[in-house]
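> no sequence for this one, just the structure:
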Ligand SMILES: [Zn+2]
């Protein structure tokens, strides 16, 4: 089994055939491992999950929230979450920012798209700035605050994508002035 086939098994597991309710078993289909129905031959294709986030500058500092729900409880991340079907990614990022840190946000530029072997999530990250609201967390956050750029909590970031996106954002603003 190749590395990508092994990874596929970690991404998601279905329990029963969605067409006939029959039992599923792993089988190779066109060179990749998929769950297939032993009864009717249905093949389960697992879609990726798209998430969007925004790295926010506020008075020259970066806005982060301390996660209060799993995974990575107690670690810092920029606002973000799953995109609803039919929702533009920029709007999802802004919606999450309002929900998670209380700020009305305008997204600016695409910072990057982050995906990892064996992980179902594809994260799309924008830069952005606040146009209203008050910095304030909701029930999902243990804390919400802005950090001076030389005090970013690198050792306590929630996910590999958090670090990568902040690094990419910093590279981008090195030649600009944070507003
Ligand atoms: Zn079936």
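Great, that's in hand. All figures in this text were calculated on a predicted structure; none of them were measured in a lab.
> three-state assignment of the nearest residue to residue 154 once chain neighbours are set aside?
Leaving aside its sequence neighbours, residue 154 sits nearest to residue 163 (C-beta to C-beta, 6 or more residues apart in numbering; 7.0 Å). Any C-beta I mention is one placed from the backbone N, CA and C, and that applies to glycine too. In three-state terms, and counting by DSSP: H, G, I helix; E, B strand; the rest coil, residue 163 is helix.
> now do residue 137
Under three-state DSSP, residue 137 comes out as coil.
> rewinding a little: these two touch, right, the residue nearest to residue 154 and residue 157?
Yes: using C-beta atoms under 8 Å, residue 163 is in contact with residue 157, at 5.1 Å.
> Would you mind telling me which of the two has more residues around it?
Per other C-beta atoms under 10 Å, whichever of residue 163 and residue 157 has more neighbours is residue 157, with 20 against 15.
> Would you check how far apart the more buried one and residue 77 are?
7 Å (C-beta to C-beta, to the nearest Å).
> And residue 46, by the same measure?
Residue 46 is 24 Å from residue 77, by C-beta to C-beta.
> of the two, who's got more company?
residue 77 (21 against 13).
> show me what contacts the more buried one?
With contact set as C-beta atoms under 8 Å, 6 or more residues apart in numbering, residue 77 has these partners: 53, 64-65, 67, 157-159, 162.
> Those in strands, which ones?
53, 64-65, 67 (DSSP state E).
> how close does the residue nearest to residue 154 sit to the ion?
Residue 163 sits 42 Å away from the ion, going by C-beta to the ion, to the nearest Å.
> No further queries at this time; thank you.
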